[in-house]
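Q: Build the 3D model from these lines:
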Amino acid sequence: MVKKIAITLLCTALGTSLYGETGKSFIGFESGYATVQGDIAGSFFPSQHIHGYKGSGVEYGIRIGAKNEEWRATALWNYFNNGKGNSTQFYEKKVVSIDNFVFHSNQSDFQPFVGINLGYVNYQSEDNIDVSGVLYGAQIGILANISDNIDMDLQYRYSLADAARINHNASFDHISSIVFGINYLY
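A: Model prediction:
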């Protein structure tokens, strides 16, 4: 609960600091292709690697945030469920990301960006794995200004997780995503 409150306060502080005379708030939707990776160790020898699990499928979510000419701060909620028979995997993540536009120009309709992300993930799988933990990583992408009130972006996001079951025989390692997003600016 404390982590959720801290992420919410961080997003609010970043959003209000970015929102100035030239800044805008936004709300949006994103969807992408994600790959998740983790490991299960043996119960008698926890350091012995038994098998890794890897799944892929569509993730989708909503986003809110603020941006100006140089920066963008976004709060994201993403959901993933590949629902593939014996290898069903599910995660829900809440993330705050901060992006820096590489070229600060109001003249260009395309703006490349790099950024970092920090959040919290809950992962569950058909293998009776249910872990939660901190998620952190980076992203790179390009933003396209479609109109004064609409922008779209395409990005690659990579996040590491610090999530392990209490008895440490299972862990959730990372998420790799290619994401398309569309935002309404107001």
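Q: only C-alpha atoms for contact and neighbour calcs from this point on.
A: OK.
Q: Where do the helices of this structure begin and end?
A: 2-18 (DSSP state H).
Q: Which stretches in it count as strands?
A: In the chain, the strands defined using DSSP state E lie at 24-41, 49-67, 71-81, 89-101, 110-125, 129-145, 150-164, 170-185.
Q: Lowest mean pLDDT across those, which one is that?
A: Of all these, the minimum mean pLDDT falls on strand 49-67 (a mean of 81).
Q: For that strand, which helices and strands make contact with it?
A: Packing partners of strand 49-67 (3 or more C-alpha pairs under 8 Å, 6 or more residues apart in numbering; DSSP states H and E): helix 2-18, strand 24-41, strand 71-81.
Q: buried stuff in that strand?
A: 53-67 (16 or more other C-alpha atoms under 10 Å).
Q: Could you spell out the sheet neighbours of it, each with its direction?
A: strand 24-41 (antiparallel), strand 71-81 (antiparallel) (DSSP bridges).
Q: how about those strands in TSV, adding mean neighbour count and distance to residue 91?
A: Below are these laid out as TSV (neighbours: other C-alpha atoms under 10 Å; distance: least, C-alpha to C-alpha, whole Å):
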stretch	mean neighbour count	distance to residue 91
strand 24-41	19	9
strand 71-81	22	5
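Q: Could you export the ones you listed as CSV, including distance to residue 120?
A: Formatted as CSV, these follow (distance: least, C-alpha to C-alpha, whole Å):
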stretch, distance to residue 120
strand 24-41, 15
strand 71-81, 10
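Q: Nearest to residue 160, out of those strands?
A: strand 24-41 (9.7 Å; C-alpha to C-alpha).
Q: and the closest one with strand 89-101, angle?
A: 130 degrees (axes from the mean of the first three to the mean of the last three C-alpha atoms, to 10 degrees).
Q: export strand 24-41 as CSV, just CAs?
A: Extracted in CSV, the C-alpha atoms of strand 24-41 (Å, rounded to 0.1, in the frame of the first residue of the first chain):
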residue,chain,number,x,y,z
LYS,A,24,-0.5,20.1,-21.4
SER,A,25,-2.2,17.3,-19.5
PHE,A,26,-3.2,14.1,-21.3
ILE,A,27,-5.2,10.9,-21.0
GLY,A,28,-4.6,8.0,-23.3
PHE,A,29,-4.6,4.3,-24.2
GLU,A,30,-1.7,2.0,-25.0
SER,A,31,-1.4,-1.5,-26.4
GLY,A,32,1.6,-3.6,-27.3
TYR,A,33,3.3,-6.9,-27.6
ALA,A,34,5.0,-8.1,-24.3
THR,A,35,7.3,-10.9,-23.4
VAL,A,36,7.7,-11.9,-19.7
GLN,A,37,10.6,-14.0,-18.2
GLY,A,38,11.2,-15.6,-14.9
ASP,A,39,12.7,-18.7,-13.2
ILE,A,40,11.7,-21.5,-10.9
ALA,A,41,14.3,-23.1,-8.7
